[in-house]
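Colleague: return atomic coordinates for the entry below.
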Amino acid sequence: MKAWLTTLLLACSLQAAAFDLQGHRGARGLAPENTLPGFALTLGIGVTTLETDIAVSRDGVLLISHDPALNPDIARGPDGQFLSGRGPVIWHTDFAELQRYDVGRLKPGTRYAAQYPEQKPADGARLPRLEELFALVRKSGNEQVRLALEIKLRPDAPDETMAPEPFARKLVEAVRAAGLAQRTTILSFDWRVLQAVQQLAPEIGTVYLTIQQRNFDNVGADRADASAWTAGLRYRDHGSVPKMIKAAGGRIWSSFHGDLDAAKVKEAQALGLTVLAWTVNDPARIAQVMDMGVDGIVSDRPDLVRAEMQRRGLPLPKPTPVQP
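Modeller: Numbering: from 1, shown residues only. Alright, predicted model coming up:
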C-alpha cells in the first residue's frame, strides 16, 4: 500500500510539474523584447521555456527579432534617434549593419509603449544572434529550461524572409549543433515550415500557432479553399483546429487565448495534443485560462503567471540569475 501511494504521489507530482510557463520574447512586460538583458531577467524570474523569434540576415546570420524589418517603436539609429518609419528589412540587410541599431527602449508616446508601462529600458541592447542566447542559457547553468523558437515568415510577403524549407533547415542545424534538440520546439503560424521541420528533425517538437481574429486569421475556417498559412490543410475537411493539427502530424497547439475555451482544450487533449495559450498577461485572465485546463501559458509577464501557479500549489521553475 505504501509503495502504491508513493507511486501515485510521484505521478501527481510529474503531472503538476508539466505546466509550461513560457516567457514571451523573454519577459516583454518587464524588459526590452528579444534582448539578452530581457532573457537574463526571464531566467532570473524562473520559467520553463524561453519563447523568442528567429530571423535571418542577408549574410546568413540567425538572429532574434519578432519583426521582419526594424520596428520604429523600439529601434534607434546610429544617431540615437528613433526611426521615423519602418526600418531595414532584416533579410535584406547584413548583420553588421543591423548591429548599429539600439533596441533597448520603447519609443515614448507610442501605443506600444503604453501597453508595457513597467518595462525597464536596457539602452545599448542590440538584436542578438541566436548563438548568443544559447551561450546565455549555458552560462546560467540552467539545464532544464527549454527554448521555443518561432520561425518568422509570411506566405503573403515571401520576399522579406528566407523560404520555408531552407529556413527550417538552417535553424535545425543550429539547434542540433548546440546540442539543444531535446530542449527545443520550433513554432510558426506558417505551417509549411513546421512540415519541413518534421521531415528534417523528428526529434524536435513542432508547435502549431493559430489565431482566428478579424485583424489576423491564419486558419480560414470560413474559406472554401485552404488558408495560405496551413500547408494545404482545409478547415472544412477536418472540422476543428485540433483535428487539422493532428492531421498535420503536430503534437502541440499554441492558440491565441481569446480563441480558446474549455471544450476546445478538452478536444485537443483527447487527440493527444498539448495546448498552450498565448499571450496572457492580465492576472484575472491568467486564472481563467488556467481554469480551461491548458498545459501552459505564454506571457509577457511570467512573474504574474508564477504567482498564479504558486497560488494553485503548482511546482515553480527554478530561477537561475545570470548576467547578460
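Colleague: quick one, strands of the stretch 1-150 of the chain?
Modeller: Taking DSSP state E, counting those that start in this stretch as the test, the strands found in the stretch 1-150 of the chain are 20-24, 49-56, 62-64, 146-151.
Colleague: tell me the phi and psi of Val61?
Modeller: Main-chain torsions, Val61, degrees, to the nearest 10: phi -90, psi 130.
Colleague: also the one 4 residues further on?
Modeller: With angles defined as degrees, to the nearest 10, Ser65 shows backbone torsions of phi -160, psi 140.
Colleague: okay, now Glu33: neighbour count?
Modeller: By other Cβ atoms under 10 Å, 26 other residues sit near Glu33. To be clear about C-beta, it is placed using only N, CA and C from the backbone, and glycine gets the same treatment.
Colleague: go on, Gly232?
Modeller: Using other Cβ under 10 Å, Gly232 has 12 neighbouring residues.
Colleague: likewise for Gly313?
Modeller: Gly313 has 7 neighbouring residues, counting by other Cβ under 10 Å.
Colleague: check which helix or strand covers it.
Modeller: Gly313 is part of no helix or strand, with elements assigned from DSSP states H and E.
Colleague: and the residue lying closest to Leu98 once chain neighbours are set aside, how far from Pro317?
Modeller: Nearest non-adjacent residue to Leu98, counting by Cβ to Cβ, 6 or more residues apart in numbering: Leu127, 5.5 Å away. Leu127 sits 26 Å away from Pro317, going by Cβ to Cβ, to the nearest Å.
Colleague: what pLDDT does the model give Trp4?
Modeller: The model reports Trp4 with a pLDDT of 39.
Colleague: now the strands of the stretch 1-150 of the chain as JSON lines including mean neighbour count and mean pLDDT?
Modeller: Below are the strands of the stretch 1-150 of the chain laid out as JSON lines (neighbours: other Cβ atoms under 10 Å; pLDDT from 0 to 100):
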{"stretch": "strand 20-24", "mean neighbour count": "26", "mean pLDDT": "98"}
{"stretch": "strand 49-56", "mean neighbour count": "25", "mean pLDDT": "98"}
{"stretch": "strand 62-64", "mean neighbour count": "23", "mean pLDDT": "98"}
{"stretch": "strand 146-151", "mean neighbour count": "23", "mean pLDDT": "98"}
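Colleague: got those strands as a markdown table, with distance to Gln182 columns?
Modeller: Converted to a markdown table, those look like this (distance: least, Cβ to Cβ, whole Å):
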| stretch | distance to Gln182 |
| --- | --- |
| strand 20-24 | 15 |
| strand 49-56 | 13 |
| strand 62-64 | 19 |
| strand 146-151 | 9 |
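Colleague: would you tell me which of those gets closest to Ala287?
Modeller: When the strands of the stretch 1-150 of the chain are compared by Cβ to Cβ, strand 20-24 sits nearest Ala287, at 14.1 Å.
Colleague: show me the contact partners of the closest one.
Modeller: The contact list for strand 20-24 (Cβ atoms under 8 Å, 6 or more residues apart in numbering) reads 39, 42, 45, 47-51, 146, 148, 274, 276, 278-279, 295-300, 302, 305-306, 309, 317.
Colleague: sort out for me which of these are in helices.
Modeller: 39, 42, 45, 302, 305-306, 309 (DSSP state H).
Colleague: between the residues you listed, which is closest to Ala284?
Modeller: Using Cβ to Cβ, Val305 is the member of these that lies nearest Ala284, at 12.5 Å.
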